[in-house]
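**Q** here is a sequence together with a model predicted from it:
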Amino acid sequence: MRTQLIFLFISLLVFNSESLNCYENNPRGHPSDLRVFHISSPCSPFKQPNTVSWETTLLKDKARLQYLTSLAVKSSVPIASGRAIVQSPTYIVRANIGTPAQPMLVALDTSNDAAWVPCSGCVGCASSVLFDPSKSNSSRTLQCEAPQCKQAPNPTCTVGKSCGFNMTYGGSAITASLTQDTLTLANDIIPNYTFGCINQATGTSLPAQGLMGLGRGPLSLFSQTQNLYMSTFSYCLPNSKSSNFSGSLRLGPKFQPLRIKTTPLLQNPRRSSLYYVNLVGIRVGNKIVDIPRSALAFDPATGAGTIFDSGTVFTRLVEPAYLAVRDEFRRRVKNANATSLGGFDTCYSGSVVFPPVTFMFAGMNVTIPPDNLLIHSSSGNTSCLAMAAAPNNVNSVLNVIASMQQQNHRVLIDVPNSRLGISRETCT
């Protein structure tokens, strides 16, 4: 019993991988749709065990939030409690690189820009699947005078005048050659796509087969494909109850939902990659919670505000906002006392009626469904509010709407019209 109280687990489905085609795209029949897999899908090259401890996931989320905050304020990445900062890419898609195509399952990250994949000859890359540019007749290494070289993070120039870059990602570091090659996504062929070809890596937090940045910076997928996708995309993230733990990434303005609630996208000049929105309030039950205005305010000077992020699992609110929401949530749960379990501080055992929680953005309200609001122990007897306070340090300025709260919603990013939209959708 004591062990059950200390270690609670997220129950994930066990899949029959033979019934799931990892290389099939167009899940909804749209020509620019890609199938999105969770890291715990059998298609994932870096899937975790069938049960993942809440404490482990929260630790990764805490580190991820500190990383995002450091991006927003352009500071160095802080180290929490002596642990290396790790990021947790949660969803992957299939990308074909080169001519002929070499398939890679790359992680999606809406808060990063540059793409990179492990390449043949890489020292320290853990993946057995490596991109080999020598086998692609459309691959070329960019020279230092190429404009993309100035856009790369920490660019370097070799003796041979080829452009490279180095960067950190979580607790890992990479050195890569800036490369161009043909990228194929679903039915779309993208010539001269610029990405990093990793030739050296340290650490263990890198996505196994690379990363595709979906941010707004100059080397992101959508900055490089403005004529094709017009800086517009949407994604639908599955939850663990879906039959194959897969959703979709829809590229371009076509086939996007017509009936969708939207809120304006905000831009932080310090970190234009992040997708900021204006969170104006939070309602618990029928009461708008009393939250200090400063806890929700968008401030480009400090990086404060609210973002949508695909790599954080549980929504994090700055401490004054979270405490106000938590206390009202507890007050509305009748005849039950909250306990702290598995890193969450608002948990209940047995049959309990929980109040709804609504995020109030400028121009739209989004009520979180129970499956997105609560996390349950493996026995199903204990339920916890699936949110937490941001780490309490000087850099904790971001509210992050995370992937669990986004699941089974179509999230639309429409940069030309400066809007983010949300509509309910079963994602599998």
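**A** Received, thanks. Residues are numbered from 1 along each chain as shown.

**Q** contacting residues for Ile368?
**A** Contacts for Ile368 (CB atoms under 8 Å, 6 or more residues apart in numbering) come out as 356-359, 405. Every residue, glycine included, has its C-beta placed from N, CA and C.

**Q** helices of this protein, start to end?
**A** All helices of the chain, identified by DSSP state H, fall at 2-6, 54-73, 147-151, 221-224, 226-229, 293-296, 319-332, 370-373, 403-406.

**Q** comparing those helices, which yields the minimum mean pLDDT?
**A** Among the helices of the chain, helix 2-6 has the lowest mean pLDDT, at a mean of 35.

**Q** for Phe329, give me its contacts.
**A** Phe329 sits next to 284, 346, 354-355, 357, 385 when contact means CB under 8 Å, 6+ apart.

**Q** ugh, wrong one, I meant Ser272
**A** Here Ser272 is in contact with 216-217 (criterion: CB under 8 Å, 6+ apart).

**Q** and stretch 304-317, how far apart are its ends?
**A** Start-to-end span of stretch 304-317 (CA to CA, to the nearest Å) is 11 Å.

**Q** er, stretch 415-427 I mean
**A** 23 Å.

**Q** pretty sure Arg270 is touching Pro300, no?
**A** Yes. Counting by CB atoms under 8 Å, Pro300 is a contact partner of Arg270 at 6.2 Å.

**Q** centroid residue for the protein?
**A** Ser310 (1.9 Å; CA atoms, centre = their mean).

**Q** dihedrals phi and psi, that one?
**A** phi -90, psi -10 (degrees, to the nearest 10).

**Q** tally of neighbours for Asp345?
**A** 18 (other CB atoms under 10 Å).

**Q** any regions of the stretch 251-400 of the chain where pLDDT drops low?
**A** Within the stretch 251-400 of the chain, the segments meeting pLDDT under 70 span 379-380, 392-395.

**Q** quick revisit: which of the contacts of Phe329 fall in strands?
**A** Counting by DSSP state E, the contacts of Phe329 place 284, 346, 357, 385 in strands.

**Q** can you name the residues that contact the nearest residue to Tyr235 once chain neighbours are set aside?
**A** Spatially, and ignoring its direct neighbours in sequence, Tyr235 is nearest to Leu249 (4.8 Å; CB to CB, 6 or more residues apart in numbering). Contact partners of Leu249, counting by CB under 8 Å, 6+ apart, are 33-36, 93, 108, 233-235.

**Q** and for Ile97?
**A** Shown in contact with Ile97 (CB under 8 Å, 6+ apart): 104, 117, 131, 136, 181-184, 193, 195.

**Q** check Leu130 too.
**A** 118-120, 122.

**Q** what distance do you get for the closest residue to Glu319 other than its chain neighbours to Leu274?
**A** Counting by CB to CB, 6+ apart, Glu319 lies nearest to Ala389, which is 4.6 Å off, once chain neighbours are set aside. Ala389 sits 20 Å away from Leu274, taking CB to CB, to the nearest Å as the criterion.

**Q** which residue ranges of the stretch 51-200 of the chain form strands?
**A** Listed in chain order, the strands of the stretch 51-200 of the chain (DSSP state E, counting those that start in this stretch) span residues 51-53, 91-97, 102-109, 116-123, 140-141, 155-157, 163-169, 172-185, 188-202.

**Q** partners of the residue nearest to Tyr235 in the sheet?
**A** Leu34, Tyr235 (DSSP bridges).

**Q** contact partners for the closest residue to Phe222 other than its chain neighbours?
**A** Here the nearest residue to Phe222 in space, its sequence neighbours aside, is Ser231; by CB to CB, 6+ apart that works out to 4.8 Å. The contact partners of Ser231, taken as CB under 8 Å, 6+ apart, are 216, 222-223, 414-416.

**Q** out of these, which is nearest to Gly164?
**A** Of all those, Gly164 sits closest to Ser223, with 20.3 Å by CB to CB.
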